[in-house]
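Student: Only the shape, not the letters, is given here:
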């Protein structure tokens, strides 16, 4: 399990696994519980590089980042 401390979001940490290039067990600490659980379910088994492409640059309101963008940064760092 990989852990990443998020920056600039309501969530404070994201955890995930990558097996055979696929993303699994995505979970966030804090933040919008329902939305973040939904993100984890939608990404389950997705190609990790594809998840980065889809989530990188997504913003939350006036913020320069989002939980999805932070997950993309974490996966990108892992890869």
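Tutor: Received, thanks. What you are looking at is a predicted structure, and each value in this text was computed from that prediction instead of being measured.

Student: Just want the most central residue of the protein.
Tutor: residue 71 (2.5 Å; C-alpha atoms, centre = their mean).

Student: got the residue ranges for the helices in the chain?
Tutor: For the chain, the helices defined by DSSP state H cover 33-43, 48-55, 67-78.

Student: so what's the residue nearest to the centre of the chain scoring on pLDDT?
Tutor: At residue 71, the predicted lDDT confidence score is 98.

Student: from memory it sits against residue 51, does it?
Tutor: Yes: between residue 71 and residue 51 a contact is recorded at 7.4 Å, counting by C-beta atoms under 8 Å. Quick note: C-beta positions are derived from backbone N, CA and C, even for glycine.

Student: tell me, what's touching these two both at once?
Tutor: residue 43 (C-beta atoms under 8 Å, 6 or more residues apart in numbering).

Student: which of the helices of the chain sits most buried?
Tutor: For the helices of the chain, average neighbour numbers computed from mean count of other C-beta atoms under 10 Å are highest in helix 67-78, which has a mean of 20.

Student: on that earlier part again, where's the residue nearest to the centre of the chain relative to residue 65, distance?
Tutor: To residue 65, residue 71 is 10 Å away according to C-beta to C-beta, to the nearest Å.

Student: How many neighbouring residues does residue 10 have?
Tutor: For residue 10, the count of nearby residues is 14 (other C-beta atoms under 10 Å).

Student: So what's the residue count around the closest residue in space to it that isn't next to it in sequence?
Tutor: Counting by C-beta to C-beta, 6 or more residues apart in numbering, residue 31 is the residue found nearest to residue 10 once chain neighbours are left out, at 4.3 Å. Residue 31: 20 surrounding residues under other C-beta under 10 Å.

Student: do residue 4 as well
Tutor: Count around residue 4 with other C-beta under 10 Å applied: 16.

Student: What's opposite it in the beta bridge?
Tutor: As for beta bridges, residue 4 partners with residue 14 under DSSP bridges.

Student: Give me the buried stretch members for stretch 11-30, please.
Tutor: 11, 14, 15, 16, 18, 23, 24, 26, 28 (16 or more other C-beta atoms under 10 Å).
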